[in-house]
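Undergrad: structure for the following, please:
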Amino acid sequence: MTATYVIEGREVTSLERFWQVIGEAVNGPGGYFGTNLDAFADCLSGGFGTPDDADFIIEWRDHDASRRSLGYAETIRQLQLRRDRTHPANRTAVQARLDRAAAGQGPTVFDWLIEIIETKAPGRLHLD
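TA: Presented below is the predicted three-dimensional model:
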């Protein structure tokens, strides 16, 4: 039997909120399903927090609301946080991504999440 994990798009107002929403959708109240992009990818591909049922669907309802919330403003915020925490050797690359996002170019946080899901769990994402 296929398990369906529902993300209510209007509840996703930031990347931090996405971690809460997906964690609770998959593992119940207070549940974990990653708190950063790498951990999320690990969960999707069989790491800690992965559902017991290997056959699952992620149904992202009202994904356009999430797309707006996880657009360029959130991408800029996340890249600023990343730039400030990253090793000095990596700051130039992060700053270049930040500059592109500030110009309304390149992938957004929403795009990052979609790419991870499609890469690690192909065919399991349903956008409604």
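Undergrad: for the residue positioned nearest the centre of the chain, what are its contacts?
TA: Taking Cα atoms, centre = their mean, the centroid of the chain lies closest to residue 113, which sits 3.5 Å from it. Counting by Cβ atoms under 8 Å, 6 or more residues apart in numbering, residue 113 touches 18, 37, 40, 70. Quick note: C-beta positions are derived from backbone N, CA and C, even for glycine.
Undergrad: mind checking the SS state of residue 35?
TA: Following DSSP: H, G, I helix; E, B strand; the rest coil, the label given to residue 35 is coil.
Undergrad: what sits against it?
TA: residue 19.
Undergrad: over to it: give its phi and psi.
TA: Residue 35 adopts backbone torsions of phi -130, psi 10, taken as degrees, to the nearest 10.
Undergrad: picking that back up, farthest-apart pair in the contacts of residue 113, please.
TA: Using Cβ to Cβ, the two most remote members of the contacts of residue 113 are 40 and 70, lying 13.2 Å apart.
Undergrad: which one's more surrounded, these two?
TA: residue 70 (26 against 23; other Cβ atoms under 10 Å).
Undergrad: and the gap between that one and residue 81?
TA: Here the criterion is Cβ to Cβ, to the nearest Å. By it, residue 70 lies 14 Å from residue 81.
Undergrad: could you give the mean pLDDT of the helix or strand residue 126 falls within?
TA: Using DSSP states H and E, the element containing residue 126 is strand 125-127. Strand 125-127 shows an average pLDDT of 97 in the prediction.
Undergrad: got the buried residues for it?
TA: Within strand 125-127, the residues scored as buried using 16 or more other Cβ atoms under 10 Å are 125, 127.
Undergrad: make JSON lines out of the contacts of residue 113 and add distance to residue 4, pLDDT and secondary structure.
TA: Compiled in JSON lines, those are given as follows (distance: Cβ to Cβ, whole Å; pLDDT from 0 to 100; DSSP: H, G, I helix; E, B strand; the rest coil):
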{"residue": "18", "distance to residue 4": "18", "pLDDT": "98", "secondary structure": "helix"}
{"residue": "37", "distance to residue 4": "23", "pLDDT": "97", "secondary structure": "helix"}
{"residue": "40", "distance to residue 4": "18", "pLDDT": "95", "secondary structure": "helix"}
{"residue": "70", "distance to residue 4": "22", "pLDDT": "98", "secondary structure": "coil"}
